[in-house]
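Trainee: Take this sequence and fold it.
(2 chains)
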Amino acid sequence: MTTATKESLRTVKGRPQLFTSYAREMAIFNTRVKRNWVIAGIIAMAVIPFFLQRDMVALLTTVLIFAIGGIGLNVLTGYAGQVSLGQAFFMGVGAYTAAVLGGEAQGDVIGLGLDMVIWLPLAGLVPALVAFVLAPLAARVRGLYLAILTLGLVFIGEHIFKEAKPITGGAGVGRAPADPVFLGFDLFSNQTILGYRIDRFTVFYVACLVIFVVMAFGARNFVRSRFGRNFAAVRDRDVAAEVMGVSLLRTKSLAFTVSSFYAGISGALLSIVIGRISPETWNIFLSIDFLAVVFIGGLATISGSIMGAVFVVMLPKLVNTLTGFIPGFGGIGEGGLLNVFELQSIIFGLLIILFLILEPRGLYGLWLRLRNYFKAWPFSY
Amino acid sequence: MTDLIESLVRGLGLGGLYAVLGVSFVIVYRATGVINFATPALMILGAFFTGSFGNAIGLPFWLSVLLGMAVMAVIGMIIERVALRPMVGRPAFSAATVTVGVFIILLIVAGRLIGSELLTVNDPFGLNTVDVLGARLFTIDIARLVIALVAIGIVGLFLARSRTGLAMRATAFDQETSLAQGINVGRMFGLSWGIAAAMAALAGALLTAGSSGVETTVALVALKALPVIILGGLDSIKGSVIAGLIIGVAESLTRTYQPIYAPWLGANFDVIVPYLIMIIVLMVRPYGLFGTKEVVRV
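Mentor: Below is the predicted model:
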């Protein structure tokens, strides 16, 4: 580092909010408060499973996995402005890549039983490669065309998953997912560390947390790089971007590929939480879930996607708990006005609509409003 | 030979169904620039209303179809007013995502309304067949094609000849200019949704006629109209008729011949044929057969 850049990265004493260079303003933690909150958040997330029941830990693990997939979709939809309904397809590709490489062979189903060091990166790279091959096609079309194209991918993918029996086990049967054995250490088994017995769900949660933190920081760094700025340029005005020398084909392909990498990792991890994966898992409704993560969480914010994932995964649990107190709802049968599942879906659909109409910035926007309210509290008017 | 005729006619029947759905998509797209992902749910809900009028009140099939379409038209307009109107001026993909939300809600509502009992649309066709040139043809397939063409013809005439139709086309062409000419653009949006929902209801009735009953599980069939409108062109009604028939026939022929000649493609391969066609079209001619080629101005 030269003296000049060192100079410009220096903070003015007592003025932490004063940026003396672009690099400092774009830094990943441009304010000290932000850094402290992120550290606090990660510590809280690492500690919390030790105080929770097993099913809640599994749910939190799903949150992390949805957040990974959601961040991936947000890179494509929020930053690059390309709506994709194909997230489920790429998750499926990732899950089956992982299962073939890291799972066990059963009957006709292939499984190589390799280590997680090998299958985890490949679970991302293979979908990324598939996306890269499809990217020229995706880059030709704009906006809603891509949504239709990727919708088609989901249906075609579902068919392939159903028919490729040696890989997927076939329709209605399914197969066991990959074994999360990392360098010989089973991440899905009960462990005893320093005399404490740690539940296998907690162990896997911590593993997912590590992957999640790495991937979230990766995405955050990626979108504030040159490529991220290209994405935003293409999103905001593709013609103008092209005139400025941003290659549309390259930018859209990159967004599509990166997004699918995240989807693949997310799919591989999700299959482990589910326990047994059938080809029907990777359907259009899973894609809609991820669309909801992005839109409810907030477009073009990484932290928004995390909030969105919390929301989408926790909503069924929340509705389940609340319906106990409201007569007319609840129950799992035909009785009552709506059963729990139906109520969940309706609330889900309603929230997508309400957020888009009332707060397009999503949960992140709500958070911004709240923060701005308290910024000058008690003089917030 | 009989195989070929039978599958051709079945394909044309299916094609008529797809064409009606395609027109439903096209009308909303032309007016508002939004792909209406709620169409599958509108279709199922329409089939439910048709079935209810037919069974619960005992009206004849024709009347119950028309009433079902009318009810759905009203519902379509309400949805447009409540959920889509606030999205005017926002990016098209946000509005399209709103329709995804509408889809989820309506599908649940439809499922709850239908309940666990079997609901047919009380159609006169059932599994009747006629013999033509030694081939056994289902009357329902012929009926689907004829009804579809008549319905689309009426919509086409309405758009081409009537004053309101002209206003709708003007709105599709340029919203601001239409507004300046005294056209109530918001009402045109509502009307487009009304017509689209009515067409979806008709498709629902045609789909359910000749089958065992209304089910929410068949909703996703309506999404096959997306390949149709891609092939025909997103803003062309003529295109969606021709493309609907092409895709219907292609799917039907695949269903007949693929198990014999290419069994390695797997069971039910015909279901994804429309999507494969769509991908090829997007590669070769992204604006479809009759669509307006997108001109980008700086």
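Trainee: Pull out the buried positions in the helix or strand of chain B with the lowest mean pLDDT.
Mentor: Least confident helix or strand, chain B: strand B:129-132 with a mean of 79, by mean pLDDT, DSSP states H and E. When burial is assessed from 16 or more other C-beta atoms under 10 Å in any protein chain shown, strand B:129-132 yields no buried residues. Every residue, glycine included, has its C-beta placed from N, CA and C.
Trainee: Strand partners (parallel or antiparallel) of the helix or strand following it?
Mentor: Next in sequence after strand B:129-132, counting helices and strands by DSSP states H and E, comes strand B:135-138. Strand B:135-138 sits in its sheet next to strand B:129-132 (antiparallel), going by DSSP bridges.
Trainee: remind me which residues of the stretch 1-150 of chain A are low pLDDT?
Mentor: Scanning the stretch 1-150 of chain A for pLDDT under 70 picks out A:1-11, A:16, A:142-143.
Trainee: again, only using 90
Mentor: For the stretch 1-150 of chain A, the stretches with pLDDT under 90 are A:1-35, A:37, A:49-55, A:81-83, A:103-113, A:134-149.
Trainee: name the element the one residue in it that gets nearest to chain B belongs to?
Mentor: Residue nearest to chain B within the stretch 1-150 of chain A: A:V83 (4.4 Å; C-beta to the nearest C-beta). For A:V83, there is no enclosing helix or strand under DSSP H and E.
Trainee: List the contacts of it.
Mentor: A:V83 makes contact with A:77, A:143-144, A:146-147, A:291, B:93, B:96-97, according to C-beta atoms under 8 Å, 6 or more residues apart in numbering or on different chains.
Trainee: ditto for A:Q82
Mentor: A:76, A:138, A:143, A:146, A:252, A:255-256 are the contacts of A:Q82 under C-beta under 8 Å, 6+ apart.
Trainee: of those, closest to B:S116?
Mentor: A:L146 (38.3 Å; C-beta to C-beta).
Trainee: Widest-spaced pair of the contacts of A:V83?
Mentor: A:G143 and A:L291 (14.4 Å).
Trainee: Looking only at neighbour counts, state which of the two leads.
Mentor: For A:G143 versus A:L291, the count of surrounding residues by other C-beta atoms under 10 Å in any protein chain shown is larger for A:L291: 26 against 17.
Trainee: The strand or helix carrying that one: which residues count as buried?
Mentor: Assigned by DSSP H and E, A:L291 belongs to helix A:284-297. For helix A:284-297, a neighbour-count test (16+ other C-beta under 10 Å) marks A:284, A:286-297 as buried.
Trainee: before we move on, back to that, would you mind putting the contacts of A:Q82 into a markdown table with distance to chain B and secondary structure alongside?
Mentor: A markdown table is the format used below for these (distance: C-beta to the nearest C-beta, whole Å; DSSP: H, G, I helix; E, B strand; the rest coil):
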| residue | distance to chain B | secondary structure |
| --- | --- | --- |
| A:L76 | 12 | helix |
| A:A138 | 9 | helix |
| A:G143 | 6 | coil |
| A:L146 | 9 | helix |
| A:K252 | 14 | helix |
| A:A255 | 14 | helix |
| A:F256 | 14 | helix |
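Trainee: Near chain A, which residues of the stretch 1-150 of chain B are found?
Mentor: By C-beta under 8 Å from any C-beta of the partner chain, the residues of the stretch 1-150 of chain B that approach chain A are B:34-35, B:83, B:86-87, B:90, B:92-98, B:100-105, B:107-109, B:111-112, B:115-116.
Trainee: Among those, name the buried ones.
Mentor: Buried subset of the residues of the stretch 1-150 of chain B next to chain A (neighbour count, 16+ other C-beta under 10 Å): B:34-35, B:83, B:87, B:92-98, B:100-105, B:107-109, B:111.
Trainee: Among these, which are located in helices?
Mentor: B:92-98, B:100-105, B:107-109, B:111 (DSSP state H).
Trainee: All the helices of the stretch 101-250 of chain B, in order from the start?
Mentor: B:139-161, B:163-173, B:175-180, B:185-208, B:225-232, B:237-261 (DSSP state H, counting those that start in this stretch).
Trainee: Any chance of TSV for those, columns mean neighbour count, mean pLDDT and distance to A:G111?
Mentor: Output for the helices of the stretch 101-250 of chain B, formatted as TSV (neighbours: other C-beta atoms under 10 Å in any protein chain shown; pLDDT from 0 to 100; distance: least, C-beta to C-beta, whole Å):
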stretch	mean neighbour count	mean pLDDT	distance to A:G111
helix B:139-161	18	93	46
helix B:163-173	16	91	54
helix B:175-180	14	91	57
helix B:185-208	26	94	41
helix B:225-232	30	92	36
helix B:237-261	21	93	30
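Trainee: Minimum distance to A:S303: which of those helices has it?
Mentor: helix B:225-232 (33.6 Å).
Trainee: Counting by contacts, list what the closest one packs against.
Mentor: helix A:144-163, helix B:2-32, helix B:237-261, helix B:273-284 (3 or more C-beta pairs under 8 Å, 6 or more residues apart in numbering or on different chains; DSSP states H and E).
Trainee: which one of those lies closest to A:A233?
Mentor: Of the helices and strands packed on helix B:225-232, nearest to A:A233 by C-beta to C-beta is helix A:144-163, at 17.5 Å.
Trainee: ok, the helix or strand following that closest one near chain B or not?
Mentor: Going down the chain from helix A:144-163, the next helix or strand is helix A:165-168, by DSSP H and E. No - contact of helix A:165-168 with chain B is not found when judged by C-beta under 8 Å from any C-beta; the minimum separation is 9.4 Å.
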